[in-house]
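1. have a look at this prediction, sequence included:
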Amino acid sequence: MLVPLMPLLNLLNAELAFGTHPLLDRAGFSLDAGERVGLIGRNGTGKSSLLEVIAGRIPLDDGEYQRAAGLRIVAVRQEPELPSAPTLRESLALWAGLVAIDDDRVRWRADARIVEYLHRFGLEGTATTAGLSGGERKRAALAGAFALEPDVVLLDEPTNHLDIDGIERLEDLLIAGRPAAIVVTHDRSFLDRVATRIVELDRGMLRSYPGNYADYERRKAGQLAEEAVLNRKFDKFWAQEEVWIRKGVEARRTRNEGRVKRLEQLRRERDARRERLGNVKLNVDSGERSGKLVAELRNVSKAFDSHAVVRDLDLRVMRGDRLGLVGPNGAGKSTLLRLILGTLEPDSGEVRFGSQISVAYFDQLRAQLDLDATVAGTVSPNSDWVGEGEQRRHVISYLGDFLFPAQRAESPVRMLSGGERNRLLLARLFARPANVLVMDEPTNDLDIESLELLEQTLQDYSGTLLLVSHDRTFLDNVVTQVLAPLGDGRWREYVGGYSDWLRQRPAVKPPAPPSPARTGEVAKKTPVKMSYKETRELEQLPLQIEALESEQRALAEAMSGPEYHKRSGEQVRKDAARATEIERALEAAFERWAELDAKKSASGRG
């Protein structure tokens, strides 16, 4: 008789409360080996708190948390903090606790894994930690988490601040890697590719849906319709019982004690039934039409410190265009926006602007928000009203459309969460008419329902839209043309959304991995002289690693495909075995590469 595998961890009747409503209300959850759970829910429902409970940082108010003996859990928070150290590699070594390991071989292997995963996330171990951007800090924390080889990895909004290449690297690692995962994210493309199960945190309960996000959407629509029918029936029966109890003297003579108790129970259930949180109500007024031409760039170039960000760009933005800017962090997307808007002068070339242009700008860094201002004052400074004429509304009512209750109107902005600040910036953005809407990473910290509503609003917007985003589904649903970098400061425009750009873009050969700096201790133990055979091996290793990573990506794509479950059990086992072989081969190749590179460096010093 087969003994079923035990879950890696279990939550039983879990209760956790901050404020008036419970975040977990006798909730249950379990995680099995190999599962990749997408944890979703509205902002403020407690997703991050649930991860903190599972990580062991927050105790439950009541209930039970069980985890397998020796289970290794590593968590990466939304805004990860890295230990202070001269280099990124040393910082991650501190974070991983390598200094406390006595075994030299174990410590060296762990250090080699840090080098490996830093490379996979496109980072140099020799980089200083002080100057890291938000995206680089997030990638470094992810590299450190995977280098620790955990049994379970907890990722809280891992795609925020990552460019599309970084997101895809993370997807590949999760699909092909060993750890089970619980991921909080609003990135629907990520969930569709990675998740094997969706768990929704809704009004204190955890509801599980097998499959990816697309599967969840189909099941959820049916469940919500069924829930609405049951609620209507409950409310009708409850109302009938309330009418009966109030009939007066005649009812008292025929009153049934059991029926009275049942009504008391109905009242308790009605009070306890927490209605679904409302949706943000978005509407943007495009105001007066701009001229047919919004902006035209002719042979425009811009460089910083001799680094060309834009080179010889010809671009025409017309009224009604929906232009999406894509590319890795640092490619120059925000610089391009400033050139198009005229807030940055080009080094050479000509920029011409159209007439009657009214611009509303959404800043990814939220620099437009005064942290000491009130919520109401941010949206409508020096006035209690928003809009004009028939569209005029009191600011408290307007803020309610963005899920800010009346009592929060006088709260300072610094008291708001990341998601609330994003909603506040949207409220400010949409409070005034604008025929050119510029949005730089508007999707960060928005829950999926608000994100989908923002999509619908932008689809209905009649003005011109300039959008920078790393959310692939959002780009596909909103933009009609894409501007993408070709390298060396050159940009090219493509027709369609993100998926259309993927089909049209030229193939780019990935660069060979950079040579990591080795520690003095390793170099000291390495023989100085390199043989011809070792020199040739070192030259070939980057190509071998590239081939293995390419095979790993192809296998991961196949295993995450919608029809993969139809393959034979034997084929599935073969693919899983090959995925493990590739992972081990990559680890061995990186270790050998680091060893030979250290030997080469020592030989050069000799």
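-> Great, that's in hand.

2. pLDDT weak spots in the stretch 151-300 of the chain?
-> Within the stretch 151-300 of the chain, the stretches with pLDDT under 70 are 223-224, 226, 234, 237-238, 240-288.

3. where do the strands of it begin and end?
-> 152-156, 180-184, 197-202, 205-210, 293-304 (DSSP state E, counting those that start in this stretch).

4. how about the first one as PDB, C-alpha atoms only?
-> It stands for strand 152-156. Once non-C-alpha atoms are left out, strand 152-156 reads as follows in PDB (Å, rounded to 0.1, in the frame of the first residue of the first chain):
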ATOM      1  CA  VAL A 152      10.100  26.500  -0.100                       C
ATOM      2  CA  VAL A 153      10.600  30.000  -1.500                       C
ATOM      3  CA  LEU A 154       8.200  32.800  -0.600                       C
ATOM      4  CA  LEU A 155       8.100  35.700  -3.000                       C
ATOM      5  CA  ASP A 156       6.200  38.900  -2.300                       C
END
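
5. quick one: strands adjacent to it?
-> strand 73-76 (parallel), strand 180-184 (parallel) (DSSP bridges).

6. got the contact list for that strand?
-> For strand 152-156, contacts defined as C-beta atoms under 8 Å, 6 or more residues apart in numbering pick out 8-9, 31, 47-48, 51, 54-55, 71-78, 142, 145-146, 174, 179-185. To be clear about C-beta, it is placed using only N, CA and C from the backbone, and glycine gets the same treatment.

7. which regions of the stretch 1-150 of the chain lie under the pLDDT threshold?
-> 1-5, 19-20, 98-104.

8. what ranges do the strands span in it?
-> Going by DSSP E, counting those that start in this stretch, the stretch 1-150 of the chain shows strands at 9-17, 22-31, 36-40, 62-67, 73-76.

9. contact partners of the last one?
-> What that stands for is strand 73-76. By C-beta under 8 Å, 6+ apart, strand 73-76 touches 51-52, 54-57, 67, 138, 141-142, 145, 148, 150-156, 158, 179.

10. in a helix, Val438, correct?
-> No - according to DSSP: H, G, I helix; E, B strand; the rest coil, Val438 belongs to no helix; its state is strand.

11. shift numbering so it begins at 24
-> Okay, residue one is now 24; in that scheme the one you just asked about reads as Val461.

12. quick check: it touching Leu364?
-> Yes - using C-beta atoms under 8 Å, Val461 is in contact with Leu364, at 6.6 Å.

13. any common contacting residues for those two?
-> 382, 384.

14. please say which of these two ends up with more neighbours.
-> More neighbours surround Val461 than the other of Val461 and Leu364, with 21 against 18 (other C-beta atoms under 10 Å).

15. can you pull out the helices in the stretch 474-623 of the chain?
-> Secondary structure of the stretch 474-623 of the chain by DSSP state H, counting those that start in this stretch: the helices cover 495-501, 521-527, 543-548, 555-582, 592-628.

16. weakest of these by average pLDDT?
-> Mean pLDDT values for those show the minimum at helix 543-548, a mean of 39.

17. and stretch 448-463, what's buried?
-> Buried residues in stretch 448-463, counted by 16 or more other C-beta atoms under 10 Å: 448-463.

18. now, among those, which is nearest to Asp470?
-> The nearest member of those to Asp470, counting by C-beta to C-beta, is Leu449 at 12.8 Å.

19. what helix or strand does that closest one sit in?
-> helix 441-453 (DSSP states H and E).

20. what is that helix packed up against?
-> Packing partners of helix 441-453 (3 or more C-beta pairs under 8 Å, 6 or more residues apart in numbering; DSSP states H and E): strand 382-385, helix 398-402.

21. need the contact list for the residue nearest in space to the middle of the chain.
-> In the chain, the residue lying closest to the centroid (C-alpha atoms, centre = their mean) is Thr182, at 3.1 Å. With contacts defined as C-beta under 8 Å, 6+ apart, the neighbours of Thr182 are 190, 193, 208, 210, 213, 493-494.

22. ok so, going back, among the helices of the stretch 474-623 of the chain, which is nearest Val382?
-> Smallest distance to Val382 across these (C-beta to C-beta): 18.0 Å, for helix 495-501.

23. list the buried residues for stretch 31-49?
-> The neighbour-count check on stretch 31-49 (16+ other C-beta under 10 Å) flags 31-34, 37, 39, 45-48 as buried.

24. okay, that stretch in CSV with CA atoms only?
-> Taking Å, rounded to 0.1, in the frame of the first residue of the first chain, the C-alpha atoms of stretch 31-49 are listed here in CSV:
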residue,chain,number,x,y,z
LEU,A,31,5.6,20.5,3.4
LEU,A,32,3.5,22.8,5.6
ASN,A,33,-0.1,23.1,7.0
LEU,A,34,-2.3,25.9,8.3
LEU,A,35,-5.3,24.6,10.4
ASN,A,36,-8.1,26.9,11.5
ALA,A,37,-5.6,29.9,11.3
GLU,A,38,-6.7,33.2,12.8
LEU,A,39,-4.9,36.5,12.5
ALA,A,40,-6.3,40.0,13.0
PHE,A,41,-5.0,43.5,12.6
GLY,A,42,-7.8,46.1,13.2
THR,A,43,-11.5,45.4,13.1
HIS,A,44,-11.6,42.5,10.5
PRO,A,45,-9.7,39.3,10.6
LEU,A,46,-7.1,38.8,7.9
LEU,A,47,-7.3,35.0,8.5
ASP,A,48,-10.7,33.7,9.7
ARG,A,49,-10.3,30.0,10.6
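
25. thanks a lot, catch you later.
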